[in-house]
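Undergrad: just to be clear, the model below is a prediction. Sequence and coordinates:
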Amino acid sequence: DAGITQSPRHKVTETGTPVTLRCHQTENHRYMYWYRQDPGHGLRLIHYSYGVKDTDKGEVSDGYSVSRSKTEDFLLTLESATSSQTSVYFCAISVGQGASGELFFGEGSRLTVL
Amino acid sequence: AQKVTQAQTEISVVEKEDVTLDCVYETRDTTYYLFWYKQPPSGELVFLIRRNSFDEQNEISGRYSWNFQKSTSSFNFTITASQVVDSAVYFCALKGRDNYGQNFVFGPGTRLSVLP
């Protein structure tokens, strides 16, 4: 157990509404990531963070923003949700050898945009 | 660019059979890391193994074994005497050189069904 919790675990929302997903870790790891998982695409990186207030874009960052105001929390925001953002979202931390370590994932957040 | 291919989309076996999940990767980095993850029907992602590119020694953990061959860019995963609890989607992943762990590429996954 890498001490990662995601909230909410399930959410249904309507197109155009803002949505924020929260990732909370208890072990003070520096590197945190948001992935989305879609059938046929595996896991794709949305945004990542390498420290407080240090974030950058991943492969599929359009339509998403992130914030990390303290080490333990990494927030993913959909400013105006679209149906294409219906997905399962996973938060992850890098454990072991800093950024070269293995990823440990949260339980996932299932988002449905109607 | 990095890429991970898992050519087997779905595999079905009967309990107690051995099964091998294939993983082929592409990278230009000389130092890289390979991983396998398991995603059971409950949905969580479970880390199974990490292998460094400079360590080609195969590994066995109980019924699980991994065969890393740099010459063929493959990192295959074998389950011996499969059990129903092994039913899951298995992901192979590759991490190349980067500063922040952002260069982590997953394959599309192989869905394994172990039938009783």
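TA: That came through fine.

Undergrad: how about the residues of chain A near chain B?
TA: Contact residues of chain A with respect to chain B, defined by Cβ under 8 Å from any Cβ of the partner chain, are listed as A:31, A:33, A:40-45, A:48, A:50, A:56, A:58, A:88, A:90, A:94, A:96, A:98-105, A:107-108. Using the backbone N, CA and C atoms, a C-beta is placed for each residue, glycine as well.

Undergrad: helix/strand/coil for the closest residue to chain A within chain B?
TA: Of all residues in chain B, residue B:101 sits closest to chain A, at 3.6 Å by Cβ to the nearest Cβ. For residue B:101, the secondary structure call by DSSP: H, G, I helix; E, B strand; the rest coil comes out as coil.

Undergrad: buried subset of the residues of chain A next to chain B as a PyMOL selection?
TA: The following PyMOL selection, which keeps only the buried ones among these, applies the criterion 16 or more other Cβ atoms under 10 Å in any protein chain shown:
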select buried, chain A and resi 31+33+42+43+44+45+48+50+58+88+90+94+99+100+101+102+103+104+105+107+108
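
Undergrad: please narrow the residues of chain A next to chain B to those residing in strands.
TA: By the criterion of DSSP state E, membership of those in strands covers A:33, A:42-45, A:48, A:50, A:56, A:88, A:90, A:94, A:102-105.

Undergrad: wait, which of these is closest to residue B:52?
TA: Comparing those against residue B:52 with Cβ to Cβ places residue A:102 closest, at 11.3 Å.

Undergrad: next, the contact list for that closest one, please.
TA: Shown in contact with residue A:102 (Cβ atoms under 8 Å, 6 or more residues apart in numbering or on different chains): A:94-96, B:35, B:47, B:50.

Undergrad: over to residue B:11?
TA: If you count contacts by Cβ under 8 Å, 6+ apart, residue B:11 has them with B:19, B:21, B:110-113.

Undergrad: buried ones among the residues you listed?
TA: Burial by neighbour count, judged by 16+ other Cβ under 10 Å, picks out B:19, B:21, B:110, B:112 from the contacts of residue B:11.
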